[in-house]
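In: Okay, sequence plus prediction incoming.
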2 protein chains.
Amino acid sequence: MVALHKEPDPLVAALREFAPVTPRMESHLEAAITQAAGETGKLIRARLAHEAARRHGLDEPEALQLACAIEYFHTASLLLDDLPCMDDAAVRRGLPCVHRVHGEATAILAALALINRAYALVGFAFADQSAAVRLQAVACVDGCLGPAGLVGGQASDLRYGETPGDARAVARIAAAKTGALFWLAVFLPALPAVADASERRDLKRLCVYWGLAFQAMDDLGDVLHRGDSAGKSSGRDRALARPNLALVLGLRGARARVSRLAALAGAAADRLAARGSRWDYLARFHAECFAPAWRVAYAATESLAAA
Amino acid sequence: MVALHKEPDPLVAALREFAPVTPRMESHLEAAITQAAGETGKLIRARLAHEAARRHGLDEPEALQLACAIEYFHTASLLLDDLPCMDDAAVRRGLPCVHRVHGEATAILAALALINRAYALVGFAFADQSAAVRLQAVACVDGCLGPAGLVGGQASDLRYGETPGDARAVARIAAAKTGALFWLAVFLPALPAVADASERRDLKRLCVYWGLAFQAMDDLGDVLHRGDSAGKSSGRDRALARPNLALVLGLRGARARVSRLAALAGAAADRLAARGSRWDYLARFHAECFAPAWRVAYAATESLAAA
């Protein structure tokens, strides 16, 4: 009976509402988009963006637009990462990957449709902002997703095996590939609120720590899980010679690194909160979303390593 | 000696300048983007957008941004269309396709980088426009490239063989797949100038005729050329069961259809020019760019069909 009383999650509802689905569209593409936009993960980036947007003065409709944009960018990157020419994954979020169900071409087109809608949502969400804020928003998205961000990080990730590197090389790729979407989720909705370069640096540092820590947890999971037990394909990094902190530093070293990144991120969030109450939500997010995820991942890696 | 006196083309220079290339980016991705942004085709859509933008009051830098955005969207669509999971082409613009040189993953990432930069250029180009115009621009890009436009048309194109249709079905796919980028090239820069719904309808009709005619010429070329003689892979439509007007109507029927579309487009351009001199450039573009292309294509198909 509990399910009957469950509050509908406005973010989940918005992800369905804004999905790029139109009447009489090609049915495989529609099914692929509906699967990708409906089977959400933990929505960490989207919830972060939503809370930041509300906190910094955007109204609920614009905050939801921005949060969905971030989530669509993220979902599209997963659709493409899973392709045979990238990570060749079979399972994602506990289901067969979109390309396994609907074919590679449809998975690529679904990703493009989500990306196209995401840029539109950013445009709508910022429509009433000043020209200065809008120009910064355009530059922010361009930088985060381009060759110095997500796309460039993914390109380096794929070529890593040609000249394998050390933990620093792995971190550089993770900062571009994973850090960029955290930066987008935190910085884009905060654009109207950031006062100066030093505040911007603090924010950036926090996002880099979060990005590196999440990627490192992902690396640990990829090494420790077997098959699809984590709801997605694992063991891909060793098989495909991809950058993975646990493969470079060992399990113990990688776990220690995540602990340290978690502490650094917590301290960065506290430092921002000390700058003014408008940054409170970052420390709260760290305590309520990041730290528990890390404790669960840590315990899981402990027991898996012992097994 | 002629080459020494050749005027540098500002649009070609802008396409290189705005290309999403950053210092120390992954080298294969950089090479792929440099190839894709450097080996331009006839730049029909970009020249159209540039002329429209200048005519409707945008300054030269913004007109170039908009023109490059349209061209990057177009180039990205070609990179993706050529992939093994789509048209599996080997040659484009007289060179081996990007995915044949740098791999599929890099071709996909290069397309994403170009698309990302294209959205940013649209944002920059419209930054000083009114909120109403900016919102229309966002909706226009979203509509043209989404499931009711380019992406949806490509999805239908790929599935056409499952339930092959008549000339009307082929036209519907061409309008979405090819017409959408003409609509974007014509309508986006004209947004500050369009007065009412009837003018908008005339513009739309012109773009649909142009889109259908260009796609039909492409269909004729695909059927008539052998191998890579046209600078790109041909014979793909029959092999892959793709929509092709010449396969549905026969050569004679398809040529007659293009003649009719060319006449309809010319009349639509004249009708717009009669509405006011600000639309002159459309009739000029039709006479100077479209009609000669059609005459060349017509002559080529005549002689190839006779051979």
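Out: Yep, that arrived. Predicted, not measured: the structure shown is a model, and the values here were computed from it.
In: for chain A, what are the low-confidence residue spans?
Out: Counting by pLDDT under 70, chain A shows low-confidence ranges at A:1-7, A:304-305, A:307.
In: Tell me the buried residues in the lengthiest helix in it?
Out: If you go by DSSP state H, chain A has its longest helix at helix A:245-275. Judged by neighbour count (16 or more other CB atoms under 10 Å in any protein chain shown), helix A:245-275 contains these buried residues: A:245-249, A:251, A:254-255, A:257-258, A:261-262, A:264-266, A:268-269, A:272-273. Yep, even glycine has a C-beta here, placed from its N, CA and C like the rest.
In: repeat for stretch A:8-27
Out: A:11, A:14, A:15, A:18, A:19, A:20, A:21, A:25, A:26.
In: now those residues in a markdown table, with secondary structure?
Out: As requested, the buried residues of stretch A:8-27 are exported to a markdown table (DSSP: H, G, I helix; E, B strand; the rest coil):
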| residue | secondary structure |
| --- | --- |
| A:11 | helix |
| A:14 | helix |
| A:15 | helix |
| A:18 | coil |
| A:19 | coil |
| A:20 | coil |
| A:21 | coil |
| A:25 | coil |
| A:26 | coil |
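In: Return only those of the residues you listed found close to chain B.
Out: A:20, A:21, A:25, A:26 (CB under 8 Å from any CB of the partner chain).
In: ok, the second one - contacts?
Out: Each residue near residue A:21 by CB atoms under 8 Å, 6 or more residues apart in numbering or on different chains is listed here: A:30, A:33, A:34, B:147.
In: go with 10 Å
Out: Applying CB atoms under 10 Å, 6 or more residues apart in numbering or on different chains to residue A:21 gives the contacts A:29, A:30, A:31, A:33, A:34, A:37, A:113, A:117, B:146, B:147.
In: From residue A:101, how far out is the fifth one?
Out: I take that to be residue A:34. 11 Å (CB to CB, to the nearest Å).
In: got it, and the fourth one?
Out: From residue A:33 over to residue A:101 the distance is 12 Å, taken as CB to CB.
In: which of the two has more neighbours?
Out: The residue with more neighbours, out of residue A:33 and residue A:101, is residue A:33; 28 against 14, by other CB atoms under 10 Å in any protein chain shown.
In: which SSE is the more buried one in?
Out: Using DSSP states H and E, residue A:33 falls within helix A:27-38.
In: residue contacts, the closest residue to chain B within the stretch 151-300 of chain A?
Out: With CB to the nearest CB as the measure, residue A:155 is the residue of the stretch 151-300 of chain A nearest to chain B, at 3.9 Å. Going by CB under 10 Å, 6+ apart, residue A:155 touches A:147, A:173, A:176-177, B:25-30, B:32, B:102, B:105-106, B:108-110, B:112-113.
In: Distance-wise, check it relative to residue B:26.
Out: Counting by CB to CB - residue A:155 and residue B:26 are separated by 4 Å.
In: where do the contact lists of those two overlap?
Out: Common neighbours of residue A:155 and residue B:26 (CB under 10 Å, 6+ apart) are A:147, A:173, A:176, B:32, B:106, B:109.
In: could I get those as a markdown table with distance to residue B:70, secondary structure and neighbour count?
Out: What follows is the shared contacts of residue A:155 and residue B:26, written out as a markdown table (distance: CB to CB, whole Å; DSSP: H, G, I helix; E, B strand; the rest coil; neighbours: other CB atoms under 10 Å in any protein chain shown):
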| residue | distance to residue B:70 | secondary structure | neighbour count |
| --- | --- | --- | --- |
| A:147 | 21 | coil | 29 |
| A:173 | 32 | helix | 24 |
| A:176 | 28 | helix | 25 |
| B:32 | 20 | helix | 26 |
| B:106 | 23 | helix | 25 |
| B:109 | 21 | helix | 28 |
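In: And the furthest pair within those residues?
Out: Using CB to CB, the two most remote members of those are A:173 and B:32, lying 18.2 Å apart.
In: got the residue ranges for the helices in the stretch 151-300 of chain A?
Out: Using DSSP state H, counting those that start in this stretch, the helices of the stretch 151-300 of chain A run over residues A:167-174, A:180-190, A:197-224, A:236-240, A:245-275, A:280-285, A:291-306.
In: Those helices into JSON lines, with extra columns for distance to residue B:41?
Out: JSON lines is the format used below for the helices of the stretch 151-300 of chain A (distance: least, CB to CB, whole Å):
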{"stretch": "helix A:167-174", "distance to residue B:41": "34"}
{"stretch": "helix A:180-190", "distance to residue B:41": "32"}
{"stretch": "helix A:197-224", "distance to residue B:41": "39"}
{"stretch": "helix A:236-240", "distance to residue B:41": "35"}
{"stretch": "helix A:245-275", "distance to residue B:41": "44"}
{"stretch": "helix A:280-285", "distance to residue B:41": "48"}
{"stretch": "helix A:291-306", "distance to residue B:41": "48"}
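In: ok, the nearest residue to residue A:289 once chain neighbours are set aside - contacts?
Out: Distances taken as CB to CB, 6 or more residues apart in numbering or on different chains place residue A:44 nearest to residue A:289, at 6.0 Å, with adjacent residues excluded. Contacts for residue A:44 (CB under 10 Å, 6+ apart) come out as A:70, A:71, A:74, A:181, A:182, A:185, A:210, A:214, A:285, A:289, A:290, A:293.
In: Ok, residue A:202 next?
Out: Taking CB under 10 Å, 6+ apart, one finds A:194, A:268, A:269, A:271, A:272, A:274, A:275, A:279, A:282 in contact with residue A:202.
In: re earlier: among the contacts of residue A:21, the buried ones, what's the PyMOL command?
Out: Remark: buried members of the contacts of residue A:21, expressed as a PyMOL selection using 16+ other CB under 10 Å:
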select buried, (chain A and resi 29+30+31+33+37+113+117) or (chain B and resi 146+147)
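In: of the contacts of residue A:21, closest to residue A:62?
Out: residue A:117 (15.2 Å).
In: do you know how far the closest one is from chain B?
Out: Between residue A:117 and chain B the distance, using CB to the nearest CB, to the nearest Å, works out to 7 Å.
In: Output stretch A:19-33 as CSV, restricted to C-alpha atoms.
Out: The C-alpha trace of stretch A:19-33 is given here as CSV (Å, rounded to 0.1, in the frame of the first residue of the first chain):
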residue,chain,number,x,y,z
ALA,A,19,11.4,14.2,-23.4
PRO,A,20,11.8,14.8,-27.1
VAL,A,21,8.8,12.8,-28.2
THR,A,22,6.4,14.0,-30.9
PRO,A,23,3.2,12.6,-32.4
ARG,A,24,3.8,10.1,-35.3
MET,A,25,7.5,10.0,-34.7
GLU,A,26,9.4,6.9,-35.8
SER,A,27,8.4,4.2,-33.2
HIS,A,28,11.9,2.7,-32.4
LEU,A,29,13.3,6.2,-31.8
GLU,A,30,10.3,7.0,-29.6
ALA,A,31,10.8,3.7,-27.6
ALA,A,32,14.5,4.4,-27.2
ILE,A,33,13.9,7.9,-25.9
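In: before we move on, back to that, of all the contacts of residue A:44, which comes closest to residue B:228?
Out: Residue B:228 lies nearest to residue A:74 out of the contacts of residue A:44, by CB to CB, at 38.9 Å.
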